[in-house]
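Visitor: I need the structure of the sequence given here:
(chains A, B, C and D)
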2 protein chains.
Amino acid sequence: MLGVSVSTVGRALADRPEISDAMKARVRSLAEQHGYVAHSAARSMRTGHSTLIGLIVPDVRNDFYGAAAMALAKCCEDAGYQMVLAATRDDPDSELKQVRSLVEARAAGMVIALSPSPRRETLALVRRLRSTELIRDVAGGDTPWFGIDDHRGIETATLHLLDGGHRRIGYVGGQEALSTGRDRHAGFAAAFARRGLDLPADLVRTGPPDARFAEKAMAELWSSAHRPTAVVAAGAGLTVGVLEAIGRLGIDVPAELSAVGFGDAPWFRWWGPGLTTMALPVYELAYACGGHLLRQIERPAPAADEKPPRYRAMHSPTLIVRGSTANV
Amino acid sequence: MLGVSVSTVGRALADRPEISDAMKARVRSLAEQHGYVAHSAARSMRTGHSTLIGLIVPDVRNDFYGAAAMALAKCCEDAGYQMVLAATRDDPDSELKQVRSLVEARAAGMVIALSPSPRRETLALVRRLRSTELIRDVAGGDTPWFGIDDHRGIETATLHLLDGGHRRIGYVGGQEALSTGRDRHAGFAAAFARRGLDLPADLVRTGPPDARFAEKAMAELWSSAHRPTAVVAAGAGLTVGVLEAIGRLGIDVPAELSAVGFGDAPWFRWWGPGLTTMALPVYELAYACGGHLLRQIERPAPAADEKPPRYRAMHSPTLIVRGSTANV
DNA sequence: AATTGCAACGCAAACGTTTGCGCCATAAGC
DNA sequence: GCTTATGGCGCAAACGTTTGCGTTGCAATT
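Guide: Just a heads-up that it's a prediction; the model follows:
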């Protein structure tokens, strides 16, 4: 329409120095006037990469992943990338589909909290992009990992109860298939070991990290012959389930039972007497994760023979004491 | 590698009938073996459209939008689309950027909860895609809208208090610039009108729909000479702020003050005596919204002269009575 | 006056798919 | 034996950008 070539228009819109200011102005005004918007697919095909960054999580309603999504969204936006959020509901097939479509889009990178038992193909695809793992440590290999110091977190929580005089402490945790499940369980045991005490093995319940399981597990613990005087819920979903059970069974907290959760939701301090919990630096963690990913992306591709050490960053949770724990 | 043309490979992978089964098998096995994944950008450029669907919300940590995201994600996945989630934090510039990048990607459609005062360019871009509005009704024009019957919802909540004998009822709501703010305020007034009572205008506070404002507003109401005996919080964020203030001021609920919220978070029933609230059918709403969008997308492009009536779907909230409201 | 330098722009290829059309076999119908 | 139909595949164009290189005109330098 201006009688100039496409390359000139392209360069003008890209603000290249080899185009005169007069021409730039003409091009821009005409583009604006006609509502021109670039075709990112065409650009992406030509350049070979896109500005998409994927975030794949089990559930955005979980406050943890919600916060992570907000943090990563901020990272991406500031750096000029777009975030694609996918929720897998811990369904391996859904997960595979989502990961595949990210690779198809030649995404610049991805942050993923993998499901407990991902498909083999999923892992292969994850390795194909610049990926970082969030929380769950399952991909193995050389994927950078950003997580919580689960061991120390649960150990701290448990020590808080032990030092309050509790001995019969129940544990409701995720299954051992997940790194988080393993590490937290180990932290629970470590606390007892550190105080030279025996672990009440009959009070340990592990399963899928959701509220349904936790509620059942808590009810079991409460109906046992030798009831616990305290309980550790080793996950966000699990904490919700334990609280559900406490409410349903009418357990008096902290008189009958002390409870400590893992992960801090805004409403925990309003729950009953206030829930003692381990607060996770979620936003910081996700922000660090996103920052690392972006640096990886901006950096020139590493040489094929170069083998960088695996990156593992652990952020420590902090104990927040509220009214749900009392000394015996 | 097989000595066949690209078109044959393309058709084989697309499972077209004009390719023999033997060839399809050979192509597929080789593709799998070499880890071939299609280049969606190239496809998108050739076909002119993509399978991306955008969801633009202020904040995914808000339980409302979190649930909406999960619902839309399910919709998209089942229909073979990918969901792109963007969080604007109600920042008009961020919003514009996100919308623009969706148009650049030639997204198949978008679901958007617009910020209170969007840029004009944003609205123009929104109209360019097949869009549906969620909750907030600001785009005007012919964008389909899926929302809550705010008027009826707040009216129901207020009637509940009025019929419990309350007369001095405080109202903490969003600003009038938002359709939600207007309708909810009107519903509050309508309840008084329906019972032939005068509205306590001195107890009405409107402002940005976040916890910070609500906490301040509630504190003001409580420090007024003629305190309210009940309060209506007309939004999710506002409800959180009101609860904050109640906790901070040590107000005894429901003895000193009855409180009713808007929007139901899972933890509301654990808060103090349990929060009476209007539960919103969020998941259903978002699912319907996504379904409508998908139908619009699959439908052949409407004729330019055809002017379909504006689509407006209102879902009604339901009152859930818990311990935070008492008769006077 | 001839050379050089540089600013400003055009040409054309390439990215990986999809698809209408054309081609070549073989099979079927007369 | 000739035409016609059909299954199976190749050719080539097109989608909208980006970019290396080539070209032009004009001013500055020798």
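Visitor: Name the strands paired with the helix or strand that contains A:Ile56 and say parallel or antiparallel.
Guide: Element membership for A:Ile56, per DSSP states H and E: strand A:52-57. Note on strand A:52-57: by DSSP bridges, its sheet partners are strand A:82-87 (parallel), strand A:109-112 (parallel).
Visitor: Can you say which of the ones you listed is nearest to DNA strand D?
Guide: With CB to the nearest atom of the strand, the closest approach to DNA strand D among those belongs to strand A:82-87: 15.1 Å. Bear in mind the C-beta positions are built from the backbone N, C-alpha and C, glycine included.
Visitor: The next helix or strand after that closest one: which residues count as buried?
Guide: Downstream of strand A:82-87, the first helix or strand assigned by DSSP H and E is helix A:92-104. Within helix A:92-104, the residues scored as buried using 16 or more other CB atoms under 10 Å in any protein chain shown are A:92, A:94-99, A:101-104.
Visitor: residue contacts, A:Leu2?
Guide: A:9, A:26-27, A:30 (CB atoms under 8 Å, 6 or more residues apart in numbering or on different chains).
Visitor: Please apply the same query to A:Phe192.
Guide: By CB under 8 Å, 6+ apart, the neighbours of A:Phe192 are A:158, A:162, A:198-199.
Visitor: Can stretch A:68-79 be said to contact chain B?
Guide: Yes - judged by CB under 8 Å from any CB of the partner chain, stretch A:68-79 and chain B are in contact via A:69-70, A:73, A:77.
Visitor: Same list (the residues you listed) but as TSV, adding pLDDT and secondary structure.
Guide: TSV is the format used below for those (pLDDT from 0 to 100; DSSP: H, G, I helix; E, B strand; the rest coil):
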residue	pLDDT	secondary structure
A:Ala69	93	helix
A:Met70	92	helix
A:Ala73	91	helix
A:Glu77	89	helix
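Visitor: how about CSV for these, with neighbour count added?
Guide: Converted to CSV, the residues of stretch A:68-79 next to chain B look like this (neighbours: other CB atoms under 10 Å in any protein chain shown):
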residue, neighbour count
A:Ala69, 25
A:Met70, 19
A:Ala73, 27
A:Glu77, 21
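Visitor: Mind picking the two most distant members of those residues?
Guide: A:Ala69 and A:Glu77 (12.1 Å; CB to CB).
Visitor: Now the common contact residues for the two.
Guide: Common neighbours of A:Ala69 and A:Glu77 (CB under 8 Å, 6+ apart) are A:Met83.
Visitor: residue ranges for the helices of the stretch 151-300 of chain A, please.
Guide: A:179-194, A:211-223, A:236-249, A:282-298 (DSSP state H, counting those that start in this stretch).
Visitor: And the contacts of A:Leu2, which is closest to A:Met1?
Guide: Distances from A:Met1 to the contacts of A:Leu2, taken by CB to CB, are shortest for A:Leu30, at 6.4 Å.
Visitor: For that closest one, list the residues it contacts.
Guide: Contacts for A:Leu30 were tallied using CB under 8 Å, 6+ apart; they are A:1-2.
Visitor: what's the closest non-adjacent residue to the residue in the stretch 101-250 of chain A positioned nearest to chain B?
Guide: For the stretch 101-250 of chain A and chain B, the shortest gap (CB to the nearest CB) falls at A:Glu104, measuring 4.2 Å. What sits nearest to A:Glu104 in space, not counting adjacent residues and going by CB to CB, 6 or more residues apart in numbering or on different chains, is B:Ser40, at 4.2 Å.
Visitor: most neighbours, which of the contacts of A:Phe192?
Guide: A:Thr158 (27 neighbours; other CB atoms under 10 Å in any protein chain shown).
Visitor: For the helices of the stretch 151-300 of chain A, state which one has the densest average packing.
Guide: helix A:236-249 (a mean of 22; mean count of other CB atoms under 10 Å in any protein chain shown).
Visitor: how big is the angle separating that helix from helix A:282-298?
Guide: 160 degrees (axes from the mean of the first three to the mean of the last three CA atoms, to 10 degrees).
Visitor: now for helix A:236-249, which elements pack on it?
Guide: Where contact means 3 or more CB pairs under 8 Å, 6 or more residues apart in numbering or on different chains; DSSP states H and E, helix A:236-249 is packed against strand A:169-174, helix A:211-223, strand A:230-233, strand A:258-262.
Visitor: so it versus helix A:179-194, what angle?
Guide: 70 degrees.
Visitor: Correct me if wrong: A:Ala259 contacts A:Arg322.
Guide: No - A:Ala259 lies out of contact with A:Arg322 (CB atoms under 8 Å); the separation is 10.0 Å.
Visitor: neighbour count winner among the two?
Guide: Ranked by neighbour count (other CB under 10 Å), A:Ala259 and A:Arg322 place A:Ala259 first, with 27 against 20.
Visitor: So what's the residue count around the nearest residue to that one once chain neighbours are set aside?
Guide: Counting by CB to CB, 6+ apart, A:Ala259 lies nearest to A:Ser324, which is 4.6 Å off, once chain neighbours are set aside. Counted with other CB under 10 Å, the neighbours of A:Ser324 add up to 24.
Visitor: tell me the contacts of A:Ser324?
Guide: A:253-254, A:258-260, A:271-276.
Visitor: let's go with 10 Å and repeat that
Guide: For A:Ser324, the contacting residues are A:230-231, A:243, A:246, A:253-254, A:257-261, A:268, A:271-277, by CB atoms under 10 Å, 6 or more residues apart in numbering or on different chains.
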